[in-house]
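Visitor: One predicted model, sequence on top.
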Amino acid sequence: MNDMSRSKPAAATLRRPRELADAGLIPAADIAALNEVAARYAVAITPPVAALIDSADPRDPIAAQFVPDVAELSTTPDERADPIGDAVHVVTPGLIHRYPDRVLLKLVSSCAVYCRFCFRRETVGQGDSLSPSDLAAALAYVRDHGEVSEVIVSGGDPLIASPRRLRDLVVSLADVPHVEVVRFHTRVPVVAPERITTDLVAALKADGVATWVAIHANHPRELTDDARAALARLADAGVPLVSQTVLLRGVNDDAKTLADLMRAFVRARVKPYYLHHADLAPGTARFRTTIAEGQALMKALRGRVSGLAQPTYVLDIPGGHGKVPIGPDYLGDDVVEDPNGGSHPYPTA
Ligand SMILES: *Cc1c(COP(=O)(O)O)cnc(C)c1O
Ligand code: SF4
């Protein structure tokens with residue numbers, strides 16, 4: 001573990017402001033105010049994440065992601081409870097069918113940690129897991145819809161489910177002839193790497209289907225030795241890995257941090273996939289950059305790191321209208337910009 005000496009090692013996941021204070025992550029004077037935040041939005045900081053926080057640094061990028069803040073109780077007029085419009089495309093409880101060829105299944109609604117910027121913060125952390133009958137209904141929907149070739153298993157964080165439950169799900173999906181790909185979206189390899197056991201990795205795979213895993217991480221320091229070992233267990237088992245990062249002010253909104261993060265992914269055999277523009281989730285204004293800032297960072301990345309390390313910068317359009325790439329754009333009217341910012345004539349039409 002990196003930097004264990006910086007903060008007291010915690011034995012258990014921290015969930016209550018009192019526990020955060022005891023671990024030195026918040027001042028005791030803030031407990032009352034943060035109890036109000038914790039009553040509204042779930043809090044959880046696992047021991048590996050607590051160990052990464054430098055509590056002497058008031059701007060620590062790990063603390064910013066996980067330690068609750070009273071600012072969460074203030075919402076802006078643009079923010080909404082369902083920022084990406086999940087509800088618009090719910091077809092059975094826990095199953096969202098927004099694009100023709102793929103569905104998203106919310107297997108569980110809990111996570112190993114709770115990110116303060118979470119786009120599903122109004123629904124995650126309520127403790128419900130999909131009931132057996134709802135899961136059966138979701139599987140029946142998938143079976144009845146021949147156009148669905150990919151099932152994205154999300155939540156919450158699906159990799160907090162037991163290997164047995166995951167194996168049952170993957171085997172059921174692999175039994176559906178038109179399902180070709182099962183994709184898990186998770187933060188567990190980074191925030192609770194000890195859960196990625198060989199048993200769990202084996203449970204994600206089944207004959208007849210290709211398993212992919214998308215890894216959520218936002219700062220290069222999250223990719224500790226233990227996290228990289230967990231990712232290696234997945235990669236060595238032949239599971240292709242892609243990344244997801246949320247662009248967050250004060251966490252990764254500078255070119256060096258983003259470049260280091262993307263390089264760290266590639267080194268861990270994780271192909272950078274998406275850089276998400278921060279969604280309009282309630283009480284998260286302090287995290288949002290402008291889109292112009294995001295585009296400038298993407299240009300800086302293109303200028304300085306390997307093509308393997310380039311994610312696509314995307315916006316999930318409020319209302320359930322889908323994800324779209326939001327630049328930057330290198331083409332003008334009969335002109336193209338190079339990675340260093342120079343302009344060159346080129347017939348574009
Ligand atoms: C993000 C998302 C997907 C997956 O989109 P990709 O572009 O394939 O990664 C699918 N369904 C829903 C509802 C989503 O929010
Ligand atoms: S791991 Fe994902 S779903 Fe869970 S709190 Fe973080 S962003 Fe939200």
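Guide: Structure received. Ligands and ions are numbered 1, 2, ... in the order given.
Visitor: Would whatever helix or strand Pro48 lives in count as contacting ligand 2?
Guide: If you go by DSSP states H and E, Pro48 is part of helix 47-52. No: against ligand 2, helix 47-52 shows no contacts by Cβ under 6 Å from any ligand atom, the least distance being 11.1 Å. Heads up, the C-betas are built off the backbone N, CA and C, glycines and all.
Visitor: Summarise which helices and strands the helix or strand just after that helix is packed against.
Guide: Scanning forward in sequence from helix 47-52 by DSSP H and E, the next helix or strand is helix 61-66. Under the contact definition 3 or more Cβ pairs under 8 Å, 6 or more residues apart in numbering; DSSP states H and E, helix 61-66 sits against helix 47-52.
Visitor: try 6 Å this time
Guide: Counting contacts by 3 or more Cβ pairs under 6 Å, 6 or more residues apart in numbering; DSSP states H and E, helix 61-66 packs against no other helix or strand.
Visitor: Tell me the first helix or strand C-terminal of that helix.
Guide: strand 90-92.
Visitor: ok so, going back, what mean pLDDT does the helix holding Pro48 get?
Guide: Here helix 47-52 scores 98 as its mean pLDDT.
Visitor: how far does that helix sit from the chain's center?
Guide: Relative to the chain's own centre, helix 47-52 is displaced by 18 Å; criterion: Cα atoms, centre = their mean, to the nearest Å.
Visitor: what does stretch 40-47 give?
Guide: With Cα atoms, centre = their mean, you get 15 Å for stretch 40-47.
Visitor: contact partners of stretch 93-107?
Guide: Contact with stretch 93-107 is made by 86, 89-91, 130, 134, 138, 141, 147-155, 158, as judged by Cβ atoms under 6 Å, 6 or more residues apart in numbering.
Visitor: Next step: these restricted to strands.
Guide: Applying DSSP state E to those, the entries found in strands are 90-91, 150-154.
Visitor: Can you tell me which of those residues comes closest to ligand 1?
Guide: Using Cβ to the nearest ligand atom, Ile152 is the member of these that sits closest to ligand 1, with 5.3 Å.
Visitor: Could you check how far the closest one is from Tyr99?
Guide: Per Cβ to Cβ, to the nearest Å, Ile152 is found 10 Å from Tyr99.
Visitor: swap in Glu337?
Guide: With Cβ to Cβ as the criterion, Glu337 and Tyr99 are 31 Å apart.
Visitor: what does Thr289 give?
Guide: Where Tyr99 is concerned, Thr289 sits at a distance of 26 Å (Cβ to Cβ).
Visitor: about what we covered before: out of the ones in strands among the contacts of stretch 93-107, flag the one nearest to Arg16.
Guide: Nearest to Arg16, judged by Cβ to Cβ, of the ones in strands among the contacts of stretch 93-107 is Ser154 at 26.6 Å.
Visitor: and the closest one, how many neighbours does it have?
Guide: Here the count is done by other Cβ atoms under 10 Å, and Ser154 has 21 residues near it.
Visitor: residues touching it, list them.
Guide: 104, 106, 185.
Visitor: Now do Gly127, the pLDDT please.
Guide: 69.
Visitor: my bad, Glu222
Guide: Per-residue pLDDT puts Glu222 at 98.
Visitor: quick one on the thing from earlier: so Thr289 and Tyr99 - more neighbours on which side?
Guide: Thr289 (18 against 15).
Visitor: Brilliant, that's me finished.
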